[in-house]
Structure formats: C-alpha cells, structure tokens
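J.: give me a 3D structure for the following:
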Amino acid sequence: MELRAVQDGELEGFMRAMAFAFSERFRPEELADAEALLPLERTVGWREDGEWVGTAAAIPFGLTIPGGAQLPAAGVTAVGVLPTHRRRGLLTGMMDALLEQAREREEPVAILFAAESPIYGRFGFGAATLDRSLRLARPYTRFRADAPAPS
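T.: Residues are numbered from 1 along each chain as shown. Next comes the predicted model:
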C-alpha cells in the first residue's frame, strides 16, 4: 500500500472511496465542487492495487479567535477508510500526515466536525463548543427591523 496525495485525474476515485467509507453513494455532480474545494496537495490517502482504500484532506480555513483576529487552520475533512481495510492503522497514518502538513504550513490549529468524535481524541482533538437548537412557533416570531445587514 502507498500513502500519498491525489494526483490529476484521480479525484473522482478518491471521492468514490470516501463516499463508500461513509456508506453513501457518490454523486458525479459533486465532483466539480470537490475540485474547487480540495487542493490536491492537501489530500492524502492510501492506495492498494491502483484503488483508493483510505481518504483524508485538509481545507485551508481562517479561524476567528476572540478579539477578531484570524488564525490559519487546517479544516480536516473526507477522513474515511473502506470497511475492508479498517483496524490496520490507515486512519492514523493519514491523520499523522495531515497534521504534519499543517505544522509545515504553519497552521497552528486543525479543526473538524467529526461523525465519530471518539476517534479523534488521540490526535489532540476535543470539543471546542456545544451547539443548541431552538424552535419557535412562527406566529410568535418576527425579524428585527434594526438588525445589522450582513457584511
């Protein structure tokens, strides 16, 4: 097996493997979005016999911190391993590679929304915030007239 970045012409196979790892169907119409969003040099995955069996990437982000300053951040995404290749250290290899690349790019923070959060604690990830949702009955709500315009 080989751990490396996606090369020109390989992104569709990479995305198909990622979708399969997430028990989803690859939709060809998503390929254009992936091409625009994922710089190939920020992808990493495992290949075996010419096929992707593990996928991961880090999208460049700016993370706003208290005070309004922004830090460069690695937005970890597309982390998946095919069911046939799990529990062999592939995820660890990809995460180690992504985090090393983030250090090399001087990105002091790596962020992610994890489908299975317990996996990522060993890489230093933890909850940054909790979210809350609220439902209001429409007859009792309205937009504020003095709300600032989006910038």
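J.: A strand includes residue 54, no?
T.: Yes - using DSSP: H, G, I helix; E, B strand; the rest coil, the assignment for residue 54 is a strand.
J.: could you verify my assumption that it touches residue 46?
T.: Yes - assessed by CB atoms under 8 Å, residue 54 is found in contact with residue 46 at 3.7 Å. (C-beta placed from N, C-alpha, C; glycine too.)
J.: please identify the helix or strand for residue 115.
T.: When elements are assigned from DSSP states H and E, residue 115 belongs to no helix and no strand.
J.: hmm, it is touching residue 22, no?
T.: Yes - checked against CB under 8 Å, the pair residue 115 and residue 22 is within contact range at 7.4 Å.
J.: what about the two, which has more around it?
T.: residue 22 (13 against 9; other CB atoms under 10 Å).
J.: buried stuff in the longest helix belonging to the chain?
T.: If you go by DSSP state H, the chain has its longest helix at helix 90-104. Using 16 or more other CB atoms under 10 Å as the test for burial, helix 90-104 gives 90-91, 93-95, 97-99, 101-102.
J.: what does stretch 54-61 give?
T.: Neighbour-count burial for stretch 54-61 [16+ other CB under 10 Å]: 54-59, 61.
J.: lowest-confidence entry in those?
T.: Of all the buried residues of stretch 54-61, residue 61 carries the smallest pLDDT score, 93.
J.: list the contacts for that residue?
T.: Residues in contact with residue 61, defined by CB atoms under 8 Å, 6 or more residues apart in numbering, are 72-75, 111.
J.: just the buried subset of the residues you listed, written out for ChimeraX, thanks.
T.: Buried subset of the contacts of residue 61, written as a ChimeraX selection, criterion 16+ other CB under 10 Å:
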select :73,74,75,111
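J.: my read: residue 7 touches residue 44, true?
T.: No - in this structure residue 7 lies outside contact range of residue 44 using CB under 8 Å: 12.0 Å.
J.: helix/strand/coil for the residue nearest to the spatial centre of the chain?
T.: Residue closest to the average C-alpha location in the chain (CA atoms, centre = their mean): residue 77, at 1.1 Å. When classified by three-state DSSP, residue 77 comes out as strand.
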